[in-house]
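J.: missing the sequence, but the structure's below:
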C-alpha cells in the first residue's frame, strides 16, 4: 500500500463515528482513530503503546483478554457488550467487535476493534423498563409489577405458611380537589400521598399505584389481622393530616379494604376482588375508615350488583312511579303544594325502598335520566290535575347534585315545561345543601337561570349540610326545608327545639318561607305553629298518595284546623312511605 493510499485510509478512519483501534497480538495499542480519542477522552500519545486495559474497564471479567483470545481463535471473530474507560468519567457501555488481522503468510499480526457507545440506548431501555413496571408520577410499582410482587408474596407465604395482608386504598375527595384546583395540584397530592404511604410500611412491603387515586399495599408475613388493622389505622392517620401543596392546605381521607391470605382466598385475582369489595364497603359506610373482607360483605356486594342490574332494566321498562305528599300551610290550614316522591315497584320483588335505589342511582349516574323522567312526569301530572279543574298547586321535585355539572339543565327543564304546558310558577325544585356547595359559582348561575324562567327553588334537608350564611344569602332560593331529623328531636330535645326556632328566624330574616318535613305528632305541630313555621308535611296529615288518591283528597277541600288532626290522616288506601323521602 503506497503513502497516498495509506493517507486516504487514515482519513477515512478518522471521519467514522465508531471508535476504531488496532493492537498487536499482545493487545498493546498501535493505532486509534479520532472517534476513539474523542469518546474516551485519551489523547493518541496516551494510548499508543499502552495495553488494551487502558480502554477496557475493570468492570469487565478479570480474564477479559483471555476470553477475547479464546473466542477469536475459535470463531475468528468476537463481539459483545463491554464496559469502556472514559478518562473523565466512570465509563460507558459499548458494543465491541474484534477480529484478527493476518500477515501475508496467514499468521496473526494484529487485532482490530470497532466499538460504539450504547449508553444512550441502554438508558432508553432502562427508561422503557421502568415505565413498564413503575408509575412515572409516584415512582411506585404499577399494576404490572404489583401482580408480580403479589404472586411472589403468595408463593413465599405458601412455603413459609404465614399470612399476607392486601389493602386496597382509595383517596376520598380526590376528584373534587383535582377538578377544582387542577391536575397539577392533584398530581402533587398523589406524590405526597405516596410518600406518606411508604413511610407507614416495611422495606419488605409493597405500595403500588393501581391508577387514579387508588393504591395497593402488599404486606407479607403480617402476623395477624390486628397487625393489619394497626397499619391501616396508621395509614388513615397519616393521610388525614393536611397537605400543604402549591399554596393550598388540602384535606383528604381514605377508604381501605383489607383481605387476608390464606383465610379469604388463595389466588391473586380473588384477593384483589376481595380487597376491592371491602374497600367499597368502607367508602359506603362513611369513608375515612377500613373494612376487612367477610362473606357477609361479599354477599352484600353480589346483592348490590343484582340490584343495579334490576335497576337498569327498571329504568328501561319505566317501572318507576311517583307518589305525592301534601304540604299544608299553617296559616290557612289548606293544601298549598305537593312533593313528588319517586317509587319503584319491581314486578317480582315488589316495592324497593328509596334508601336502596336512590344512592345506587347517584353512584351510577343513572339518577340523571331518572331525575329527568321524574320532573317530566310531575309536570305532566300537575298539568293534568289543573286541566281536570283542581286548584293549581306547586309540585316539588328533588334535584340531584349530579344534574348541576350538566350545562343543559335549564334547557332540559324548559323543554319539559313546553312539552307538558305547565306554567313554571307551579314547579319547585328541591336541592340539598351539599349539592349547592359542590361548585358554588356554577350552581348560582344555574339557579339564577331557573329562577329567571319562573321556577321556585327550595333548599332541602337544611341543617344537615355545610352551607355558610354568606353563601346562603347569595343563593336564589325561595324556601328552607328543615330536615325531619330536627323535627323528630323537638319532642325530646331542647337543643333541637332551639335549632329549629333559630332556623325559622334566620329564614324569615332572609325573607324565605320555611317548611318542616316529617311532622308526625300534635306536639310537633303545636311547636311549629308557636314558632311561626309557614308550611308542614308529614304523616300527621297524610302519607304519600297515588295521583288518583291525591286528586280525590284535593277535591274534598279539606282544611287542617288548630284543633289538631284532620280527615286527611284518614284517607283510605294511602301509599306507604316516609315523609320527605
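T.: Good, I have the coordinates. Keep in mind the model is a prediction, meaning the values are calculated, not measured. Numbering: from 1, shown residues only.
J.: which SSE is residue 325 in?
T.: Here residue 325 is covered by strand 320-329, with elements defined by DSSP states H and E.
J.: strands paired with the helix or strand just after that strand, and their directions?
T.: Per DSSP H and E, the first helix or strand lying C-terminal to strand 320-329 is strand 335-346. Using DSSP bridges, the strands paired with strand 335-346 are strand 320-329 (antiparallel), strand 350-352 (antiparallel), strand 394-398 (parallel).
J.: where among those is the average confidence lowest?
T.: Looking at those, the lowest mean pLDDT belongs to strand 350-352 (a mean of 81).
J.: can you list the residues that contact that strand?
T.: With contact meaning Cβ atoms under 8 Å, 6 or more residues apart in numbering, strand 350-352 is reached by 307, 343-346, 576. Glycine gets a C-beta too; all of them are placed from N, C-alpha and C.
J.: how about 6 Å then?
T.: Strand 350-352 is contacted by residues 344-346 when judged by Cβ atoms under 6 Å, 6 or more residues apart in numbering.
J.: Could you do stretch 139-151 as well?
T.: 133-135, 194, 206-210, 216, 218, 268.
J.: Looking at the contacts of strand 350-352, state which has the most neighbours.
T.: When neighbours are counted by other Cβ atoms under 10 Å, residue 344 leads these with 22 neighbours.
J.: Number of residues surrounding residue 223?
T.: 12.
J.: Pull up the gap between it and residue 159, please.
T.: To residue 159, residue 223 is 17 Å away according to Cβ to Cβ, to the nearest Å.
J.: tell me the domain ranges of the protein?
T.: Using automatic domain parsing, the domain ranges for the chain come out as 3-123, 134-293, 325-540.
J.: Distance to residue 547 for those domains - can I get that in CSV?
T.: As requested, these are exported to CSV (distance: least, Cβ to Cβ, whole Å):
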stretch, distance to residue 547
domain 3-123, 73
domain 134-293, 34
domain 325-540, 5
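J.: mind checking which of those is nearest residue 555?
T.: Residue 555 sits nearest to domain 325-540 of all those, at 6.9 Å, using Cβ to Cβ.
J.: got the end-to-end distance for the closest one?
T.: End-to-end distance of domain 325-540: 11 Å, with Cα to Cα, to the nearest Å as the criterion.
J.: Stretch 311-322: end-to-end distance?
T.: Stretch 311-322 has an end-to-end distance of 16 Å (criterion: Cα to Cα).
J.: wait, which of the contacts of stretch 139-151 is closest to residue 548?
T.: Checking the contacts of stretch 139-151 against residue 548 with Cβ to Cβ, the nearest one is residue 210 at 52.5 Å.
J.: Would you mind measuring from that closest one to residue 57?
T.: With distances taken as Cβ to Cβ, residue 210 is found 41 Å from residue 57.
J.: same check, this time on residue 448
T.: Residue 448 is 74 Å from residue 57, by Cβ to Cβ.
J.: Looking at the two, which is more packed in?
T.: residue 57 (17 against 14).
J.: pretty sure that one contacts residue 91?
T.: Yes. Taking Cβ atoms under 6 Å as the definition, residue 57 is a contact partner of residue 91 at 4.5 Å.
J.: Check the contact lists of these two and give me the overlap.
T.: Common contacts of residue 57 and residue 91 (Cβ under 6 Å, 6+ apart): 83, 85.
J.: what about stretch 135-152, how long is it end to end?
T.: 20 Å.
J.: can you give me the offset of that stretch from its chain's centre?
T.: What separates the centre of stretch 135-152 from the centre of its chain is 19 Å, taken as Cα atoms, centre = their mean, to the nearest Å.
J.: Which parts of it count as buried, going by neighbours?
T.: Neighbour-count burial for stretch 135-152 flags 135, 138, 140-142, 145-147, 149-150 (criterion: 16 or more other Cβ atoms under 10 Å).
J.: how about the helices in the stretch 51-200 of the chain?
T.: Counting by DSSP state H, counting those that start in this stretch, the stretch 51-200 of the chain has helices at residues 64-75, 119-133, 143-160, 174-181, 183-199.
J.: Residue 496 is nearest to which of those?
T.: helix 174-181 (30.7 Å).
J.: can I assume residue 512 is in contact with residue 480?
T.: Yes. Using Cβ under 6 Å, residue 512 is in contact with residue 480, at 5.4 Å.
J.: So for these two, which residue has more residues nearby?
T.: More crowded of residue 512 and residue 480, by other Cβ under 10 Å: residue 480, with 25 against 20.
J.: Which strand or helix spans the more buried one?
T.: strand 479-482.
J.: who does that strand pair up with?
T.: Counting by DSSP bridges, the strands paired with strand 479-482 are strand 456-462 (parallel), strand 513-517 (parallel).
J.: export those strands to CSV and tack on mean pLDDT and mean neighbour count?
T.: Listed next are the strands paired with strand 479-482 as CSV, based on pLDDT from 0 to 100; neighbours: other Cβ atoms under 10 Å:
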stretch, mean pLDDT, mean neighbour count
strand 456-462, 87, 23
strand 513-517, 93, 26
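J.: Need those in JSON lines (columns: distance to residue 50).
T.: Shown next, in JSON lines, are the strands paired with strand 479-482 (distance: least, Cβ to Cβ, whole Å):
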{"stretch": "strand 456-462", "distance to residue 50": "86"}
{"stretch": "strand 513-517", "distance to residue 50": "95"}
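J.: With respect to residue 117, which of those strands lies nearest?
T.: The closest of these to residue 117 is strand 456-462. By Cβ to Cβ, the value is 69.3 Å.
J.: Quick one: residues in contact with that closest one.
T.: 428-430, 432, 447, 477-483.
J.: Include distance to residue 247 and mean neighbour count when you put the strands paired with strand 335-346 into CSV, please.
T.: Conversion of the strands paired with strand 335-346 to CSV gives the following (distance: least, Cβ to Cβ, whole Å; neighbours: other Cβ atoms under 10 Å):
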stretch, distance to residue 247, mean neighbour count
strand 320-329, 47, 23
strand 350-352, 47, 13
strand 394-398, 38, 23
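J.: Any idea which of those strands gets closest to residue 549?
T.: strand 320-329 (8.3 Å).
J.: Which secondary structure elements does the host helix or strand of residue 372 sit against?
T.: Assigned by DSSP H and E, residue 372 belongs to helix 367-387. For helix 367-387, the contact count by 3 or more Cβ pairs under 6 Å, 6 or more residues apart in numbering; DSSP states H and E identifies strand 394-398, helix 409-420 as packing neighbours.
J.: Comparing the domains of the chain by mean pLDDT, which bottoms out?
T.: domain 3-123 (a mean of 82).
J.: Just checking the distance from that one to the centre of its chain.
T.: Distance, centroid of domain 3-123 to centroid of chain: 57 Å (Cα atoms, centre = their mean).
J.: where along the stretch 451-581 of the chain do the helices fall?
T.: Using DSSP H, counting those that start in this stretch, helices in the stretch 451-581 of the chain cover 469-474, 484-489, 494-509, 522-530, 547-556.
J.: and these as JSON lines, adding distance to residue 52 and mean neighbour count?
T.: Below are these laid out as JSON lines (distance: least, Cβ to Cβ, whole Å; neighbours: other Cβ under 10 Å):
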{"stretch": "helix 469-474", "distance to residue 52": "79", "mean neighbour count": "12"}
{"stretch": "helix 484-489", "distance to residue 52": "87", "mean neighbour count": "19"}
{"stretch": "helix 494-509", "distance to residue 52": "90", "mean neighbour count": "16"}
{"stretch": "helix 522-530", "distance to residue 52": "99", "mean neighbour count": "16"}
{"stretch": "helix 547-556", "distance to residue 52": "97", "mean neighbour count": "16"}
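J.: Great, nothing more from me.
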